[in-house]
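# no sequence on this one, just coordinates:
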């Protein structure tokens, strides 16, 4: 198990080097200089030259890239052009907000998604099933920012119950978490339904029913437990995406999260913050995927036993990847 | 007598033999939701092809005395913050969204399918290297990748196509790769190799046609996601430059006044949702029709 985690962590390194290279070259080769954005119109040529010198912007591309990597390995992601504060500090400042929002949204998504998915599968082709499938497709089709705006109109304008912006008290959390949560509940519901349908048709379910087991026990203990792996995969993917991809929702609700920070940094070409932020998100998402893979072993004894031999371990990871690809 | 029997035999064979395409269309037509999706897509495509005939050419015409008008007989969906007719702008907006989406998906499809086929066919080191590149692209959230490309290269239609195409490409590569791996060890591939076909010929003539189904489904799903991404980028001001009508930027300009004029963000949002909804339904239906084994 530890070897598996270690190997997966090692595999992260080339991907992270690639992410840094991608973002780094995009910021480097883009037209327009950061000093023009950061220092404003009144800056003199000397000011700009000093700025370039201070941030090492006159060095060749490779020198800058290697310099950045070496520093990053030492935990130094550079200093923000605008605030002159360490990038890592700014990111860690904002991260708890994004993380809280993601956790809150995931709870909503899992409760709605799993419950409706299971009911849909148990009562396949019933009215309930048809309605929830229809609602789920609508859910994945709505742009989250539009859903957010509509919720603001409904619950803070027409019915003045909830605040529409900021992220201080729990009342502020409700609208953004519902916005993101319902969106990913739709995907979770679809995955739960198809995975449950598969496990309900298995022989052991018929056996459990035949021996007179209570219906709810058959559904939750026998069928659902065997359907959890694909559902966990999609929950993990969604959670990872929320850590990185809810930038637009954060903007809609004026939440001071990581996404909001990075979008603003991109607009003013604050390269260190953009690179650091995207790298941070990529690492967070990858760790999230790794965590899901490790959780499989705890949920499913079959996978746990596969960690024993090297050959079997390979098989389990490819299976997990297949599920991810389908998802 | 013998002749007669032979004749009926031939007839019965004829009845049994009809094309795979007809089977697929038949299965698709039985799926009501998929047909609904198809009809909505056709309506949007017609809007995109003939916006002038449907809604006139006045999408830029400002009427500052009649700003924020609600629905009326003159303006079916009301007017926006510059007094422009919302209906006309939504109809013209379908041209923007669909054309950018389709070009981006075309690019993503060509690149992704090529990478996925090569990775799946050769396996081992080639697969490892190509898939790590795909991993890099997947590790960056789509919206942020789009934002940084547009911020780096500037707002224009071409840049948007590049940004969204690059973001959608990994899904195509992964879908193609797993489909190719499924057929790569089939007997007919071995047979083709035994006849001396080159790798390129085997991939193009035998492997790709047999792994087409999931790729076609991915096109429909990819279009849905790309329409969402276009509107998202436009919403934060990094999409199509004004005054080109685009659903996301219409939403963005209405955002400041949602408390007083909610209709300005209601209709463009419905347009986005309907088109994405249609491509999702269509894609689901296609998956079931192309490969009945996958039907849940």
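Cool, the structure landed. As the structure is a prediction and not an experimental result, all values here were calculated from the model. Numbering: from 1, shown residues only, chains lettered A, B, ... in the order given.
# If you drop the residues flanking it in sequence, what lies closest to the residue nearest the centre of chain B?
Against the mean C-alpha coordinate of chain B, by Cα atoms, centre = their mean, the closest residue is residue B:223 at 1.9 Å. Nearest non-adjacent residue to residue B:223, counting by Cβ to Cβ, 6 or more residues apart in numbering or on different chains: residue B:279, 4.7 Å away. C-beta here means a position set from N, CA and C on the backbone, and glycine is covered the same way.
# do residue A:188 as well
residue A:113 (2.9 Å).
# Specify the local secondary structure of that neighbour.
The three-state label given to residue A:113 by DSSP: H, G, I helix; E, B strand; the rest coil is helix.
# ditto for residue B:113
helix.
# how close does it get to chain A?
15 Å (Cβ to the nearest Cβ, to the nearest Å).
# Pretty sure that residue sits against residue B:174.
No: the criterion here is Cβ atoms under 8 Å, and residue B:113 misses it with residue B:174 at 10.9 Å.
# ok so, going back, ok, the residue nearest to the centre of chain B touching residue B:101?
Yes: with contact defined as Cβ under 8 Å, residue B:223 reaches residue B:101; the gap is 5.2 Å.
# Count the neighbours of residue 222 for me.
All of this refers to chain A. Using other Cβ atoms under 10 Å in any protein chain shown, the number of residues around residue A:222 comes to 19.
# you looked at the wrong chain, it should be chain B
Residue B:222: 29 surrounding residues under other Cβ under 10 Å.
# Give the helix, strand or coil label for it.
helix.
# Pretty sure it sits against residue B:105.
Yes: counting by Cβ under 8 Å, residue B:222 does reach residue B:105; the two are 4.8 Å apart.
# shared neighbours, the two?
Contact criterion Cβ atoms under 8 Å, 6 or more residues apart in numbering or on different chains; residues shared by residue B:222 and residue B:105: residue B:168.
# give me the element the closest residue to residue A:294 other than its chain neighbours is part of.
Sequence neighbours aside, residue A:5 is the residue nearest to residue A:294 in space, at 6.5 Å (criterion: Cβ to Cβ, 6+ apart). Using DSSP states H and E, residue A:5 maps to helix A:2-29.
# which other helices and strands contact that helix?
Packing contacts for helix A:2-29, counted by 3 or more Cβ pairs under 8 Å, 6 or more residues apart in numbering or on different chains; DSSP states H and E, involve helix A:61-73, helix A:271-299, helix B:124-139, helix B:142-153.
# right, so of those, which gets closest to residue A:178?
Nearest to residue A:178, of all these, is helix B:142-153, at 19.8 Å by Cβ to Cβ.
# Give me the angle between the helix or strand immediately after that closest one in the chain and helix B:124-139.
Later in the chain than helix B:142-153, the nearest helix or strand by DSSP H and E is helix B:157-184. Relative orientation of helix B:157-184 with respect to helix B:124-139: 140 degrees, computed using axes from the mean of the first three to the mean of the last three Cα atoms, to 10 degrees.
# Work out the gap between helix B:157-184 and the centre of the chain.
12 Å (Cα atoms, centre = their mean, to the nearest Å).
# ditto for stretch A:66-73
Relative to its chain's centre, stretch A:66-73 lies at 26 Å (Cα atoms, centre = their mean).
# Same question for stretch B:255-266.
Using Cα atoms, centre = their mean, the offset of stretch B:255-266 from its chain centre is 29 Å.
# burial measure for the closest residue to residue B:89 other than its chain neighbours, as a count.
Spatially, and ignoring its direct neighbours in sequence, residue B:89 is nearest to residue B:245 (4.0 Å; Cβ to Cβ, 6+ apart). Taking other Cβ under 10 Å as the neighbour definition, residue B:245 ends up with a count of 25.
# one step back: tally of neighbours for the residue nearest to residue B:223?
26.
# residues touching it, list them.
Contacts of residue B:279 by Cβ under 8 Å, 6+ apart are B:37, B:41, B:220, B:221, B:223, B:224, B:227.
# Ok, residue B:154 next?
Residue B:154 touches residue A:31, counting by Cβ under 8 Å, 6+ apart.
# re the thing from before, quick one, grab the pLDDT at the residue nearest to residue B:89.
For residue B:245, the pLDDT comes out at 85.
# quick one, helices of the stretch 151-300 of chain A?
Using DSSP state H, counting those that start in this stretch, the helices of the stretch 151-300 of chain A run over A:170-200, A:203-210, A:215-217, A:225-245, A:247-252, A:258-267, A:271-299.
# Distance from the fifth one to the middle of the chain?
Distance of helix A:247-252 from its chain centroid, counting by Cα atoms, centre = their mean, is 14 Å.
# helices or strands next to it in the packing?
Where contact means 3+ Cβ pairs under 8 Å, 6+ apart, helix A:247-252 is packed against helix A:144-152, helix A:170-200, helix A:258-267, helix B:142-153.
# same check, this time on the first one
In this structure, helix A:170-200 packs against helix A:87-122, helix A:127-141, helix A:144-152, helix A:225-245, helix A:247-252, with contacts taken as 3+ Cβ pairs under 8 Å, 6+ apart.
# about what we covered before: helix, strand or coil for the residue nearest to residue B:223?
helix.
# roughly how far apart are it and residue A:228?
30 Å (Cβ to Cβ, to the nearest Å).
# again, but for residue A:101
As for residue A:101, its distance to residue A:228 is 25 Å (criterion: Cβ to Cβ).
# which of these two has more neighbours?
Set side by side, residue A:101 and residue A:228 show more neighbours around residue A:101, with 27 against 19, by other Cβ under 10 Å.
# so how far is residue A:95 from the more buried one?
Look at residue A:101 and residue A:95: by Cβ to Cβ, they are 11 Å apart.
# thinking residue B:183 is in contact with residue B:207, fair?
Yes: using Cβ under 8 Å, residue B:183 is in contact with residue B:207, at 5.8 Å.
# any shared contact partners between the two?
Common neighbours of residue B:183 and residue B:207 (Cβ under 8 Å, 6+ apart) are residue B:189.
# who has more neighbours, those two?
residue B:207 (26 against 17).
# Contact partners for the more buried one?
Contacts for residue B:207 (Cβ under 8 Å, 6+ apart) come out as B:117, B:121, B:180, B:183, B:184, B:189.
# near chain A, which residues of the stretch 1-150 of chain B?
Within the stretch 1-150 of chain B, the positions near chain A by Cβ under 8 Å from any Cβ of the partner chain are B:33, B:132-133, B:135-137, B:139-144, B:147-149.
# Please pick the buried ones from those residues.
B:33, B:133, B:135-137, B:139-144, B:147-149 (16 or more other Cβ atoms under 10 Å in any protein chain shown).
# And what about the residue nearest to residue B:89, helix, strand or coil?
coil.
# what's the answer for residue A:41, then?
coil.
# I'd like the distance from it to residue B:154, if you could.
Residue A:41 is 19 Å from residue B:154, by Cβ to Cβ.
# How about residue B:95, nearest residue that isn't a chain neighbour?
Once flanking residues are discounted, residue B:95 sits nearest to residue B:48: 4.2 Å by Cβ to Cβ, 6+ apart.
# right, and the one you found touches residue B:93 too?
No: judged on Cβ under 8 Å, residue B:48 makes no contact with residue B:93 at a distance of 9.2 Å.
# buried sites along the helix holding residue A:5?
Neighbour-count burial for helix A:2-29 [16+ other Cβ under 10 Å]: A:4, A:8, A:12, A:15-16, A:18-20, A:22-24, A:26-27.
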